[in-house]
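[1] everything below, folded, please.
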Amino acid sequence: LADGGPAASAPAAMPAAAPSAVTLGGKVHASPSVRAFARELGVDLGQVKATGPKGRILKEDVAGFIKAAMSSGVVPGKTPAAAAAGASLGGGLDLLPWPKVDFAKFGEIEVKPLSRIKKISGQNLARNWVMIPAVTYHEDADITDLEAFRVAMNKEHEKSGKKLTMLAFIIKASVRALQEFPEFNTSLDGDNLVYKKYFNIAFAADTPNGLVVPVIKDADKKSVFDIAAESGALAKKARDGKLGPADMSGACFTISSLGGIGGTYFAPIVNAPEVAILGVNKSVMKPVWDGKAFVPRLTLPMSLTADHRVIDGALATRFNVYLAQLLADFRRVML
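    As a prediction, this is how the structure comes out:
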């Protein structure tokens, strides 16, 4: 799926005489790696149209079959009832049933229902992970001077109650990066790419009931102080379970920050219909060579996951490098 090639036509639109895979001795013609790929995704190779030489099924054929099944909800060779059952199990894929195990046979257990938030987010994440050919790119940002500035500003505004967070700076820098690289502020709509002229930035908020993603609207028109205050208020609203649909809609780009927990790098899942998401971890002091000696610098690990159908590796890397430059010298945001 990572090839990012065009999706195959929906099975319902295929000609009735479309050839299926050539069989050799009653078996489909495919390499071991393609067979393993199909088994992993629960695809019956006998239903896949072969485009390789001498009727060989290619990996791209399996990926095209999956995309067609996902878009149409119909699996070739299945009755409507069976297709509907398959859709409920795996989004239109001909997947094996989920294993049923009597866990109590092996020891003491406790059963707790999934929260509503986890049910909803789980369905969205599963769809996004399967349907988006995503690639993650890593970059380190030197935030030594920015952190020193943040601490100084918080001390200066201690009496007023205003407080800056690193997340607020990252949101503001992300807006500038989206302006510099407009492909990141888009969404796929069929064969069209929708370029947005507004800048709404979502951020993942951890709550006792699961992860929610509130949105800072028109972040380009707000100061870093405004963004810090609004993100704090939305995070509290999320923890209290009071976020409404309007608070979580309209995002152009999402930031998932694990800075308060730790970790080094991770690969966040793109939040459709967005085309990219930024993950940040806990900043760490690292020795950096300045040309004469190693000096301690506070480094922020960044992980950018992008939809390869829209954003290629070179563009994603340029975005990451530019964002790191903004965070290293925040004066660049004004340019």
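[2] from here on, contacts and neighbour counts on C-alpha atoms
    Will do.
[3] distance of Asn320 from Gly244?
    Asn320 sits 32 Å away from Gly244, taking CA to CA, to the nearest Å as the criterion.
[4] which residue of those two possesses the greater neighbour count?
    Higher neighbour count among Asn320 and Gly244: Asn320, with 23 against 11, using other CA atoms under 10 Å.
[5] using the three-state scheme, assign the more buried one.
    helix (DSSP: H, G, I helix; E, B strand; the rest coil).
[6] pretty sure it is touching Thr136, no?
    No - using CA atoms under 8 Å, Asn320 is not in contact with Thr136, being 10.7 Å away.
[7] now the common contact residues for those two.
    Listed as contacting both Asn320 and Thr136 by CA atoms under 8 Å, 6 or more residues apart in numbering are Leu304.
[8] which residues of the stretch 151-300 of the chain fall in helices?
    Assigned by DSSP state H, counting those that start in this stretch, the helices in the stretch 151-300 of the chain fall at 166-180, 224-239.
[9] now the angle from the first one to helix 224-239?
    What separates the directions of helix 166-180 and helix 224-239 is an angle of 110 degrees, with axes from the mean of the first three to the mean of the last three CA atoms, to 10 degrees.
[10] one step back: buried deepest among the helices of the stretch 151-300 of the chain, which one?
    helix 166-180 (a mean of 21; mean count of other CA atoms under 10 Å).
[11] so which elements touch it?
    If contacts are counted by 3 or more CA pairs under 8 Å, 6 or more residues apart in numbering; DSSP states H and E, helix 166-180 sits against helix 224-239, helix 313-328.
[12] can you redo those helices as a markdown table with mean pLDDT and distance to Lys112?
    Formatted as a markdown table, the helices and strands packed on helix 166-180 follow (pLDDT from 0 to 100; distance: least, CA to CA, whole Å):
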| stretch | mean pLDDT | distance to Lys112 |
| --- | --- | --- |
| helix 224-239 | 97 | 20 |
| helix 313-328 | 98 | 41 |
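[13] pull the distance from stretch 215-235 to the chain's centre.
    22 Å (CA atoms, centre = their mean, to the nearest Å).
[14] can you dump the C-alpha coordinates of it into PDB?
    Output of stretch 215-235 as PDB, limited to C-alpha atoms (Å, rounded to 0.1, in the frame of the first residue of the first chain):
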ATOM      1  CA  VAL A 215      -9.000  22.100  17.500                       C
ATOM      2  CA  ILE A 216      -7.500  25.600  17.800                       C
ATOM      3  CA  LYS A 217      -9.400  27.600  15.100                       C
ATOM      4  CA  ASP A 218      -7.700  30.300  13.100                       C
ATOM      5  CA  ALA A 219      -4.300  29.800  14.800                       C
ATOM      6  CA  ASP A 220      -2.600  32.100  12.300                       C
ATOM      7  CA  LYS A 221      -4.600  35.000  13.700                       C
ATOM      8  CA  LYS A 222      -3.700  34.300  17.400                       C
ATOM      9  CA  SER A 223      -0.700  35.100  19.500                       C
ATOM     10  CA  VAL A 224       1.300  32.400  21.300                       C
ATOM     11  CA  PHE A 225      -0.200  33.600  24.500                       C
ATOM     12  CA  ASP A 226      -3.700  33.200  23.000                       C
ATOM     13  CA  ILE A 227      -2.900  29.700  21.700                       C
ATOM     14  CA  ALA A 228      -1.500  28.700  25.100                       C
ATOM     15  CA  ALA A 229      -4.600  29.900  27.000                       C
ATOM     16  CA  GLU A 230      -7.000  28.300  24.500                       C
ATOM     17  CA  SER A 231      -5.200  25.000  24.300                       C
ATOM     18  CA  GLY A 232      -5.200  24.900  28.100                       C
ATOM     19  CA  ALA A 233      -8.900  25.600  28.300                       C
ATOM     20  CA  LEU A 234      -9.700  23.000  25.700                       C
ATOM     21  CA  ALA A 235      -7.500  20.400  27.400                       C
END
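[15] contacts for it?
    Contacts for stretch 215-235 (CA under 8 Å, 6+ apart): 162-165, 167-169, 171-172, 175-176, 198-203, 205, 214, 243, 247-251.
[16] mark which of those residues are buried, thanks.
    Burial by neighbour count, judged by 16 or more other CA atoms under 10 Å, picks out 163-165, 167-169, 171-172, 175-176, 198-203, 205, 214, 243, 247-248, 250-251 from the contacts of stretch 215-235.
[17] from Val275, how far off is Asp189?
    Per CA to CA, Asp189 is found 11 Å from Val275.
[18] can you check Thr144 too?
    Computed as CA to CA, the Thr144 to Val275 distance reads 30 Å.
[19] these two: who's more crowded?
    A direct count of neighbours by other CA under 10 Å for Thr144 and Val275 places Val275 higher, at 25 against 19.
[20] need the per-residue pLDDT for the closest residue to the more buried one other than its chain neighbours.
    Among residues not flanking Val275 along the chain, Asp307 sits closest, at 5.1 Å (CA to CA, 6 or more residues apart in numbering). With respect to pLDDT, Asp307 has a value of 98.
[21] Asp307 against Met131, yeah?
    No - taking contacts as CA under 8 Å, Asp307 lies outside contact range of Met131: 9.9 Å.
[22] and those two? Which one has more around it.
    Counting neighbours by other CA under 10 Å for Asp307 and for Met131 shows that Asp307 has the greater number, 27 against 17.
[23] what's opposite the more buried one in the beta bridge?
    Applying DSSP bridges to Asp307 gives these bridge partners: Ala134.
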